[in-house]
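[1] Give me the fold of what follows.
(one chain, ligands or ions: 1)
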Amino acid sequence: MTKSYKHKLDLNKNKKKRIEDIIYPEWKRVAGILIKRHMNYLYRNNDICVSNDIYKNIDSFLTERYKDSINRQILGMFRSKISNFKRRFKQIVMHSDNLSDELKKDLCIVNKRNLFFVNEDNKGKKYKVSFEVIKLARWIFKHFFGRIPSCKHIDIVLQPKIAKIENPVRLKHMAFKYVIKLSSGDKEKHGKFFYLPVVSNTYADKFDGKLNSSCTLEFKDNKLVNVIVSKKIEPVKPKLNEDVKISFDIGNVILFALGDGSCYGKKYMKLLKWWDERLTQLGNKLKKEHGSKVKLTDYPEYNRMVSRIQNYSKNEINRLLNKIFKRYNPSVIYVENLDFKRSKIGKKNNRILSRFGLGYITKKLEQFEEEYGILIKYIDPPYSSQFCSECGYMDKKNRKKQAEFECLACKRKINADVNGSRTQPIFHERFGEKVFYGSKGRREKRTLLVKDYIDNQKVWKNDKRIVQAMIDNQYFSDYHPSLREKLRELS
Ligand SMILES: [Zn+2]
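    Here you go, the predicted structure:
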């Protein structure tokens with residue numbers, strides 16, 4: 001696990017001036033050129049450019065090694081922007097109301113295999129998806145990829161080729177934590193370098209670990225403020241309880257409802273809704289002032305609020321999931337597949353959560369999987385809100401109110417989200433991680449669940465009331481004739 005720490009630098013006027021006034025502006029200028037070149041390359045070749053030729057002919061006083069460092073930084077920005085976009089693309093497609101299931105599947109193939117900019121001439125290569133789909137995917141790409149990463153406020157990421165971060169050896173540096181040996185960067189001053197002393201950070205010093213060979217000079221308003229140093233730290237692996245398996249359901253009022261009945265995140269959902277209203281108000285105000293066609297992300301106050309909400313959401317989800325983890329130390333977590341639209345929590349909540357929450361939940365769960373070895377099992381969500389986790393009876397009318405579940409067969413009353421949470425392991429045992437696509441898939445799943453209940457005769461066989469409920473339930477229509485006969489037998 002890599003952790004980053006900020007340190008102050010102890011620089012005299014000349015060094016500070018050199019970095020801020022000479023190197024930094026040129027770094028940004030070259031970065032700007034590279035961003036444009038990479039973007040063009042991406043559109044033309046459907047891939048990221050990894051060749052060094054991309055920076056070779058840029059005219060600059062900076063050395064080739066410096067240019068190489070800048071290029072690596074830009075490449076890193078592109079890679080993370082693309083992987084974020086691909087995650088978002090999947091969400092946009094899966095949550096869309098007006099795409100057919102077939103089209104959703106094809107668009108996901110385009111996304112998975114990076115076919116966004118494939119030409120029509122390449123169709124012979126059997127991509128399995130039509131060129132029309134590729135064109136639609138490209139349209140989505142152009143609308144949602146967002147701006148080319150801006151380099152107005154970028155930091156300087158120093159690669160080991162131009163800067164070495166080491167423990168102090170010279171007497172005059174002994175008071176410092178590290179020293180960065182930075183090459184001058186100027187072609188004319190080949191072979192020269194200067195030292196940047198790094199001040200101790202008592203918090204960071206507590207953690208031992210192998211120092212990463214690259215570090216970052218952080219700028220604010222064009223002034224050098226910190227150096228960010230990262231260390232590879234061996235995580236202390238907590239012992240997982242082999243026999244503890246938990247499941248949670250993402251709910252309407254509470255965020256995580258666990259199978260044992262405990263709930264987390266009531267405040268979170270409340271606050272998130274409150275924030276969302278404020279954001280909508282701000283958006284409306286801006287549209288009123290500047291016209292309805294304005295791009296809200298052009299306004300700093302809008303972006304500031306979005307990033308505040310994002311930060312809040314990220315921190316809360318981290319906190320809540322860490323708390324759950326600490327309490328149970330589970331070896332397995334069951335959770336519904338978050339790529340799908342969950343109609344049970346309502347349209348508005350769905351929108352807020354997909355915008356601000358689901359991505360962090362997925363990321364955090366992936367982190368649990370990677371760092372602690374917890375198995376995350378994803379469940380296909382449809383019918384989890386109508387299915388009784390106690391007896392297996394499924395009925396639209398089982399859910400009386402948003403928050404309340406009452407089984408029409410076994411009469412069990414339970415918080416709806418807790419019932420959803422208890423359903424997850426049952427669905428997992430029955431279907432594994434199979435995804436039932438589209439309305440046809442959902443029907444298939446429903447038929448299987450209904451048949452399971454019918455086959456489990458001991459729960460309903462001699463109960464007139466339940467037989468009547470099944471007769472009133474359209475899901476059981478295949479069995480209605482025999483159920484009516486059964487009812488006559490029982491009366
Ligand atoms: Zn029941």
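[2] which residues touch the residue of the stretch 201-350 of the chain found nearest the ion?
    Minimum separation of the stretch 201-350 of the chain from the ion (CB to the ion) falls at Gly259, amounting to 15.5 Å. Every residue, glycine included, has its C-beta placed from N, CA and C. Residues in contact with Gly259 (CB atoms under 8 Å, 6 or more residues apart in numbering) are 246-248, 418, 421-422, 424-425.
[3] any idea which of those residues has the most stuff around it?
    Using other CB atoms under 10 Å as the neighbour criterion, Ser421 leads these with 29 neighbours.
[4] tell me which element that residue falls in.
    According to DSSP states H and E, Ser421 maps onto helix 416-431.
[5] That helix near the ion anywhere?
    No. Remark: helix 416-431 sits outside contact range of the ion, by CB under 5 Å from the ion, the gap being at least 9.2 Å.
[6] Report all helices and strands that whatever helix or strand comes next after that helix contacts.
    As assigned by DSSP H and E, the chain's next helix or strand after helix 416-431 is helix 438-455. Packed against helix 438-455 by the contact rule (3 or more CB pairs under 8 Å, 6 or more residues apart in numbering; DSSP states H and E) you find helix 101-112, helix 416-431.
[7] Spatially central residue in this structure, please.
    By CA atoms, centre = their mean, the chain has its centre lying nearest to Gly359, at 2.8 Å.
[8] Next one: the residue of the stretch 201-350 of the chain closest to the ion, what pLDDT does it get?
    According to the predicted model, the pLDDT of Gly259 comes to 90.
[9] now swap in Asn398 and tell me
    Per the predicted model, pLDDT is 89 at Asn398.
[10] Could you give the number of residues near it?
    22.
[11] which residues sit in contact with it?
    Applying CB under 8 Å, 6+ apart, we find Asn398 in contact with 386-388, 405-408.
[12] tell me how far stretch 26-39 is from the chain's mean position?
    Its chain's C-alpha centre and that of stretch 26-39 lie 28 Å apart, by CA atoms, centre = their mean, to the nearest Å.
[13] Now do the helices in the stretch 251-400 of the chain.
    266-290, 300-328, 347-356, 358-372 (DSSP state H, counting those that start in this stretch).
[14] mind checking which of the ones you listed is nearest His153?
    helix 300-328 (12.2 Å; CB to CB).
[15] How far does the closest one sit from its chain's centre?
    What separates the centre of helix 300-328 from the centre of its chain is 12 Å, taken as CA atoms, centre = their mean.
[16] what about that helix, average pLDDT?
    The model assigns helix 300-328 a mean pLDDT of 92.
[17] Mind listing what's buried along the helix or strand containing Glu26?
    Element membership for Glu26, per DSSP H and E: helix 24-45. Using 16 or more other CB atoms under 10 Å as the test for burial, helix 24-45 gives 24, 26-28, 30-35, 37-38, 41-42.
[18] Tell me the one among those nearest to Glu277.
    Ile35 (36.2 Å).
[19] Surely the closest one touches Cys151?
    Yes. In this structure Ile35 lies within contact range of Cys151 using CB atoms under 8 Å: 6.0 Å.
[20] Overlap of the contact sets of the two?
    Residues touching both Ile35 and Cys151 (CB under 8 Å, 6+ apart) are Ile74.
[21] what residue ranges in the stretch 251-400 of the chain score low on pLDDT?
    Counting by pLDDT under 70, the stretch 251-400 of the chain contains low-confidence ranges at 339-346.
[22] Near the ion, which residues of it? Just list them.
    Proximity of the stretch 251-400 of the chain to the ion (CB under 5 Å from the ion) is limited to residues 388, 390-391, 393.
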